[in-house]
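J.: Please work out how this folds:
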Amino acid sequence: MGIMEILGVAASVSLLAGWRVYLCVFATGLAIRLGWVAPPEHLQSLAVLANDWVMGAAGLGMIAEFFADKIAWLDSLWDAVHSAIRPVGGALLALALVDASDPKWQVITVLLGGGAALASHAAKAGTRAVINTSPEPFSNFAVSTGEDVATGGLLFLALSNPKTAIFVALLLAGGALFALVTVRRILTMLFGVKSPSSTE
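T.: A predicted model of the protein is given here:
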């Protein structure tokens, strides 16, 4: 893999960790264990994700998240608790992917991976908080299920075909930005929140 493919995979996995960190860890470990994805020599640090204990912990978290994320307001509480966990997970996954030997690049990778996971987490949490204001219970379930399917599918696409990973990362980053802007506009309409730069 070239540097662009490595960065694309790292960015994709970090952004997806902002949605479903446990699914990212479990699915990557499962793909490695079943031979669907064979990490190149310089990415052998990812093999730890196929460890029984790591997969067991990630599997339990994934199951808990699957059900918690389907229930209105419980999903927002879950997101609040994971405001620190998802960015840390995204940063560590990015670090395992890039496997930089230079400490300078290790710090940059952790910052960018954590920042990407935090951005997608903020977009997800904000969107779900707005959806939770809807009186009907079905939109929350539908959006959560869509996130499950999208996370699994995009993660598999990025890991199995690194050349597409940069496009996956750009798609996810654009989607996160769009969601953040949309949530801000909705909150402004609902609560009349003005930006600090606005004048009376």
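J.: quick one: low-confidence parts of the protein?
T.: With pLDDT under 70 as the threshold, the chain has low-confidence stretches at 1-3, 37-45, 99-100, 187, 190-200.
J.: Can you give me the buried ones in the helix or strand hosting Leu155?
T.: Secondary structure assigned from DSSP states H and E places Leu155 in helix 138-160. Using 16 or more other C-beta atoms under 10 Å as the test for burial, helix 138-160 gives Asn140, Val143, Ser144, Glu147, Asp148, Ala150, Thr151, Gly152, Leu154, Leu155, Ala158, Leu159. Quick note: C-beta positions are derived from backbone N, CA and C, even for glycine.
J.: Show me what that helix packs onto, helices and strands only.
T.: With contacts defined as 3 or more C-beta pairs under 8 Å, 6 or more residues apart in numbering; DSSP states H and E, helix 138-160 has these neighbours: helix 3-33, helix 103-131, helix 162-191.
J.: Tell me which of these is the most buried.
T.: helix 3-33 (a mean of 24; mean count of other C-beta atoms under 10 Å).
J.: just checking, what packs against that one?
T.: Where contact means 3+ C-beta pairs under 8 Å, 6+ apart, helix 3-33 is packed against helix 52-68, helix 74-98, helix 103-131, helix 138-160, helix 162-191.
J.: For Gly35, which of these is the nearest?
T.: For the helices and strands packed on helix 3-33, the distance to Gly35 is smallest for helix 138-160, at 11.4 Å, taking C-beta to C-beta.
J.: and the closest residue to Ile166 other than its chain neighbours, what does it touch?
T.: Taking C-beta to C-beta, 6 or more residues apart in numbering, and ignoring the residues beside it in sequence, Ile166 has Gly8 as its nearest neighbour in space, at 3.4 Å. For Gly8, the set of contacting residues under the criterion of C-beta atoms under 8 Å, 6 or more residues apart in numbering consists of Ala158, Pro162, Thr164, Ala165, Ile166, Phe167, Val168, Ala169.
J.: hang on, the fifth one packs against Leu7?
T.: Read that as Ile166. Yes: assessed by C-beta atoms under 8 Å, Ile166 is found in contact with Leu7 at 7.3 Å.
J.: CA-only coordinates of stretch 158-165 in CSV, if you can.
T.: Once side chains and other backbone atoms are set aside, the C-alpha atoms of stretch 158-165 remain, and they are given as CSV (Å, rounded to 0.1, in the frame of the first residue of the first chain):
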residue,chain,number,x,y,z
ALA,A,158,-12.0,0.5,3.0
LEU,A,159,-10.1,-2.5,4.4
SER,A,160,-10.6,-4.8,1.4
ASN,A,161,-9.8,-2.3,-1.2
PRO,A,162,-7.5,0.4,0.1
LYS,A,163,-7.6,2.3,-3.2
THR,A,164,-11.2,3.2,-2.5
ALA,A,165,-10.5,4.2,1.2
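J.: For it, what is the distance to the chain centroid?
T.: Distance, stretch centre to chain centre, for stretch 158-165: 16 Å (C-alpha atoms, centre = their mean, to the nearest Å).
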